[in-house]
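**Student:** would you be able to build a 3D model of this:
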Amino acid sequence: MIKYSKLILPTIVIAQFCCTSLWFAGNAILDDLIINYNLPENSIASLTSIVQFGFISGTLLFAILTISDRFSPAKVFFTCAVLGAFTNLLIILSQNTFISILLLRFLTGFFLAGIYPVGMKIASDYYKKGLGKALGFLVGALVLGTAFPHLLKDLNTGFPWKNVMIFISILSILGGLLILFLGDGKNRKQSQQFNFSAFFGVFRNDDFKSAAFGYFGHMWELYAFWAFVPVLIKMFANNNNIDINIPLFSFLIIAIGALGCVVSGYLSLNFKTKKVAFYILLSSFICCLISPLIFQLKSSFIFLSFLFFWGFVVIADSPLFSTLVANNAEAKIKGTALTIVNCFGFAITIISIQLLSILISRFNTPMVFTLLAIGPLFGILSLQVIKKKRSFLL
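**Tutor:** This next block holds a predicted model:
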């Protein structure tokens, strides 16, 4: 058990980074998987969506069984980190087929359900005050973990793809051990019995519903953007006949979102959380709408600068919504509430990812990315419509 309070947040952040590196590991080595296992050329949507589907299945089961509220969150996190590392590692076996790889990525997503929302639950049990700042760092770690495989891919000149998967699996086990060593938060309130009604009852609270719906809108855009960052860059490079280091810039554009999370977390200390979330959603909405125009400028500097800004704001509201969800949920079912919202949010990502994949394959135009604006618009409306009787953006 870590006794020094200043080490608690860094420990959770490092652990979250290590374990969430599992998320996009398959995307980072996609070209190698296509070559070695004869996968379809358009496997990016399938590999991304199957992880999301596994995560949804896991969060659904965890939420219904109220796992993180009835059992030690630290032990749940550790167990899932080890099992996720194992399923990730099995990708390197030469006997794999497209079906077996999809199954392994599904299982990896399933075990991530015991990592990401449970990590937020642990953080919320340690931090009653300043939760927005704490979750800013925590979600920032998720962003870096998501981006990290792209960096490994860029360094892949003398680093075989199988070693990438081995290294990421080792990181996941290390992250699990860190959380196990840290232990559960001092403010944890354990639920003593199975509570099936918690799965449905959380949405009876209007403030909780407002935060959840805002999060759902945010998720429509987020993972579709992350999944197609390499496609966006490749499309621009091909249209303008220029050479761009796609893995490196994919890493940097996704990774800058970590800074966005930290900045929004600090802003929530001085401004109302809902108001900060609103303006970040608005910025993201504008990015979705003007993205085709940026393509027309044919300037790689302007294009990449725009993607950096988009990468900054696309995730920056996530810790704010998680804070609002955690603060408006009953203490004994806080873990379940976070898990339910994650479950529905990630279900939405599958729809947006598959829709973008279909439209890009048919039309191959940046105009399709304007459809991502549907999510931020829904989130903005949710934040404004719910609780209108209160002051603007409480």
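**Student:** show me the contacts for residue 109.
**Tutor:** Each residue near residue 109 by Cβ atoms under 8 Å, 6 or more residues apart in numbering is listed here: 23, 50, 51, 52, 53, 54, 55, 56, 57, 58. Where you see a C-beta, it was placed from the backbone N, CA and C, and this is true even at glycine.
**Student:** buried residues, the strand or helix carrying the fourth one. List them.
**Tutor:** Counting by DSSP states H and E, the element that carries residue 52 is helix 43-64. Buried residues in helix 43-64, defined by neighbour count with 16 or more other Cβ atoms under 10 Å: 43-60, 62-64.
**Student:** just the CA trace of that helix, in PDB.
**Tutor:** Taking Å, rounded to 0.1, in the frame of the first residue of the first chain, the C-alpha atoms of helix 43-64 are listed here in PDB:
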ATOM      1  CA  SER A  43      -9.200  -4.700 -41.700                       C
ATOM      2  CA  ILE A  44      -8.800  -1.400 -39.700                       C
ATOM      3  CA  ALA A  45     -12.500  -1.000 -39.000                       C
ATOM      4  CA  SER A  46     -12.900  -4.700 -38.100                       C
ATOM      5  CA  LEU A  47      -9.900  -4.800 -35.700                       C
ATOM      6  CA  THR A  48     -10.900  -1.500 -34.100                       C
ATOM      7  CA  SER A  49     -14.600  -2.300 -33.700                       C
ATOM      8  CA  ILE A  50     -14.000  -5.800 -32.400                       C
ATOM      9  CA  VAL A  51     -12.000  -4.400 -29.500                       C
ATOM     10  CA  GLN A  52     -14.800  -1.900 -28.800                       C
ATOM     11  CA  PHE A  53     -17.400  -4.700 -29.000                       C
ATOM     12  CA  GLY A  54     -15.300  -6.700 -26.500                       C
ATOM     13  CA  PHE A  55     -15.100  -3.700 -24.200                       C
ATOM     14  CA  ILE A  56     -18.900  -3.200 -24.500                       C
ATOM     15  CA  SER A  57     -19.500  -6.800 -23.600                       C
ATOM     16  CA  GLY A  58     -17.200  -6.600 -20.700                       C
ATOM     17  CA  THR A  59     -18.600  -3.400 -19.300                       C
ATOM     18  CA  LEU A  60     -22.100  -4.700 -19.700                       C
ATOM     19  CA  LEU A  61     -21.300  -7.800 -17.700                       C
ATOM     20  CA  PHE A  62     -19.300  -5.900 -15.100                       C
ATOM     21  CA  ALA A  63     -22.200  -3.400 -14.700                       C
ATOM     22  CA  ILE A  64     -25.000  -5.900 -14.400                       C
END
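**Student:** number the residues from 5 up from this point.
**Tutor:** Okay, residue one is now 5; in that scheme the one you just asked about reads as helix 47-68.
**Student:** pLDDT weak spots in this protein?
**Tutor:** 5-9, 132-135, 157, 159-163, 191-207, 335-339, 389-398 (pLDDT under 70).
**Student:** swap in 50 and give it another go.
**Tutor:** 5-7, 392-398 (pLDDT under 50).
**Student:** remind me, longest helix of it?
**Tutor:** For the chain, the helix with the greatest residue count under DSSP state H is helix 210-244.
**Student:** tell me what it is packed against?
**Tutor:** helix 47-68, helix 250-274, helix 277-300, helix 304-320, helix 322-331, helix 338-367, helix 378-389 (3 or more Cβ pairs under 8 Å, 6 or more residues apart in numbering; DSSP states H and E).
**Student:** one more time with 6 Å, if that's ok
**Tutor:** helix 250-274, helix 304-320, helix 322-331, helix 338-367, helix 378-389 (3 or more Cβ pairs under 6 Å, 6 or more residues apart in numbering; DSSP states H and E).
**Student:** with respect to burial, which of those scores highest?
**Tutor:** Comparing those by mean neighbour count (mean count of other Cβ atoms under 10 Å), helix 322-331 ranks first with a mean of 27.
**Student:** same for that helix, what does it pack against?
**Tutor:** helix 135-158, helix 210-244, helix 250-274, helix 277-300.
**Student:** so how far is the last one from its chain's centroid?
**Tutor:** So the one you mean is helix 277-300. Here the centre of helix 277-300 is set off from its chain's centre by 18 Å, with Cα atoms, centre = their mean, to the nearest Å.
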